[in-house]
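**Student:** Based on what follows, work out the 3D shape:
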Amino acid sequence: MTYAIEHIARTLRNAREARGLSQRALGARAGMPQSHISKIEKGAVDLRVSSLVELARVLDLELELVSRKALPAVHAIVGRSGESTPAAAESSRRALNELKQLQDIAARAMRVRPTVIELARIQQQVRELRHFPIAEDRLDAIRNATAAVNAYDENAAGLEALQDALARLRGLRNALAHALPAGDDTGTVRPAYSLGDDDHG
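**Tutor:** Presented below is the predicted three-dimensional model:
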């Protein structure tokens, strides 16, 4: 079995296990017999592109052709999430729930204060953070931002708390994009380039 086939087979198996699906359940959803799923995961069958597309759809994966030169950057950004364990999948699920809560609170605050640019920028950070796998030890930045936006919405905190929350979210986004160590997710991280708006618009 070649490395590429082994990698695809492992990614499909990990994605299936992370979703708690048996080979039989995945086969039923993808319209394939369980024995064929087993062969695919062992790399014992020449996988047709149409079958791979259908399995990817069921497992909420996306197929993309990427130039070899761009591959290291793509791997750094996605954190090889296709190789995630069930624990990593659970952590990502929690992160998405935290981000949704933050997005909802920021949207509610924007309805009351539509001219506060920090609220719009926090929503932008949330949209960008949804693209990264976020480990459990990095969720505090999101939770703190949620608390700050909620306090601002209830007139219990000033604009400075909102600006600090925005800086921490940007720091987290930059740390994830640059694959920095977990301790470097403060608002002081300044990348050589920005993935979004900077402080000056």
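
**Student:** lowest average confidence, helix or strand, in the protein?
**Tutor:** helix 71-78 (a mean of 67; mean pLDDT, DSSP states H and E).

**Student:** Can you name the element that comes right after that one?
**Tutor:** helix 86-112 (DSSP states H and E).

**Student:** Run through the neighbouring helices and strands of that following helix.
**Tutor:** Where contact means 3 or more CB pairs under 8 Å, 6 or more residues apart in numbering; DSSP states H and E, helix 86-112 is packed against helix 3-18, helix 117-129, helix 139-153. Where you see a C-beta, it was placed from the backbone N, CA and C, and this is true even at glycine.

**Student:** can you tell me how far the residue of the chain most remote from its centre sits from residue 131?
**Tutor:** The outermost residue of the chain relative to its centre, with distances by CA atoms, centre = their mean, is residue 35 at 31.8 Å. Relative to residue 131, residue 35 is positioned 36 Å away (CB to CB, to the nearest Å).

**Student:** Excluding chain neighbours, what is closest to the residue nearest to the spatial centre of the chain?
**Tutor:** Central residue of the chain (CA atoms, centre = their mean): residue 132, 2.9 Å from the mean position. Take residue 132 and drop its neighbours on the chain: the residue closest to it by CB to CB, 6 or more residues apart in numbering is residue 176, 4.2 Å away.

**Student:** tell me which residues of the helix or strand hosting the one you found are tucked away?
**Tutor:** Taking DSSP H and E as the definition, residue 176 sits inside helix 159-177. Across helix 159-177, burial judged by 16 or more other CB atoms under 10 Å covers 161-177.

**Student:** Stretch 142-160 too?
**Tutor:** For stretch 142-160, using 16+ other CB under 10 Å, the buried residues are 142, 144-153, 157.

**Student:** Next: stretch 24-36.
**Tutor:** 26-27, 30, 32, 36.

**Student:** got the domain boundaries for the chain?
**Tutor:** 3-63, 87-184 (automatic domain parsing).

**Student:** nearest to residue 70, of those?
**Tutor:** domain 87-184 (14.4 Å; CB to CB).

**Student:** neighbours around the closest residue to residue 153 other than its chain neighbours, how many?
**Tutor:** Leaving aside its chain neighbours, residue 153 sits nearest to residue 109 (4.0 Å; criterion: CB to CB, 6+ apart). When neighbours are counted by other CB atoms under 10 Å, residue 109 registers 21.

**Student:** Surely residue 109 is in contact with residue 152?
**Tutor:** Yes - with contact defined as CB atoms under 8 Å, residue 109 and residue 152 form a contacting pair (6.3 Å).

**Student:** Alright, calling it a day.
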